[in-house]
Structures are given as C-alpha cells and as structure tokens.
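Enquirer: Below is the sequence, then the predicted model.
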Amino acid sequence: MGTKSSIDQLNSFLRGEMAAVETYQMALDKLEKTSTARDELLANLKSHQDRVMALQDAIVAAGGTPAKSSGPWGTFAKAVEGTAKTLGDKAAVSALEEGEDHGLKDYRDDLNKLDPTCRDIVARMIPQQQTTHDRLSALKRRL
C-alpha cells in the first residue's frame, strides 16, 4: 500500500499525462494529413498513453483510485488546440514542447515526494518523458 501523499502525487502525474494525451489528440486532429510533424506527434501520443496506463496501474497497486480526468490540465489542452487551429504547425509544436518541459520538470521536482515503491515506478518514466521532450525539440528545429 502506498501512502496517501504518494497516491495523490501519482494522481497529479496522471492528470498531467491525461492532459498530454488530450493535447496530442487535438493537435493531430488539426494538423494537415500531410504534415511532417504527424509521425513525431503520434509517437509522443503513444508514449503518453502508455504512461497513463502505467500510472493508473501504480495507483491501483498502491491502494488508490486513479483520477478520471485531466482536471485543470485540460485547459492547457484547449489552448494548444486553439494555437494549432490559428497559428499552424510550428506554433502548435512549440506549445506542445512547453507542455513537455512542464511535465519533465514536474517529474523531476516531485519524484522525492513519493514512497520508495512509487518512486521506482515514476523514475522509469522520466527517460520516456525526456524522449518525448527531445522529439518535440528536434521537430521544432526542423519546422
């Protein structure tokens, strides 16, 4: 059983990952089908979906109930949707990269708030978050 504070922190990470999934789905819906950004965004979407499932499993294993929605993070998803619609691929990728920056910072800053078992699970997610961040940075430079 995880501590209440660890379960709360895992749910915070989960809400962020759920918002990332929503954001990538919205951005992909708005991109032209021929956009060179599509493959990278799909890869990042899959990575975030995998982390949603892993966090849900970790929360249940710790004795908690996973969050059902992204909560306030969904607001960020809506902002990216608007950006993609009005400003194009490069602006949307920049907004997504900002979200990746924030996610990476959250994982690193809040890792030590977790009990050892939960910390081990989340520590394995940080390289995945770094990869999604790096993929977006490289894409932004190419566009």
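Expert: Sure thing, it's come through.

Enquirer: contacts and neighbour counts: CA atoms only from here.
Expert: Noted.

Enquirer: I'd like the distance between residue 64 and residue 39.
Expert: Residue 64 is 35 Å from residue 39, where distance means CA to CA, to the nearest Å.

Enquirer: So between those two, which is more surrounded?
Expert: residue 64 (20 against 11; other CA atoms under 10 Å).

Enquirer: Give me the buried positions along the longest helix along the chain.
Expert: Looking across the chain with DSSP state H, the single longest helix is helix 4-30. For helix 4-30, a neighbour-count test (16 or more other CA atoms under 10 Å) marks 6-28, 30 as buried.

Enquirer: any idea how far it is from the chain center?
Expert: Computed by CA atoms, centre = their mean, to the nearest Å, the chain-centroid distance of helix 4-30 equals 5 Å.

Enquirer: which other helices and strands contact that helix?
Expert: Applying 3 or more CA pairs under 8 Å, 6 or more residues apart in numbering; DSSP states H and E, one finds that helix 4-30 contacts helix 38-61, helix 73-87, helix 89-110.

Enquirer: how about these in JSON lines, adding mean pLDDT?
Expert: Converted to JSON lines, the helices and strands packed on helix 4-30 look like this (pLDDT from 0 to 100):
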{"stretch": "helix 38-61", "mean pLDDT": "96"}
{"stretch": "helix 73-87", "mean pLDDT": "60"}
{"stretch": "helix 89-110", "mean pLDDT": "88"}
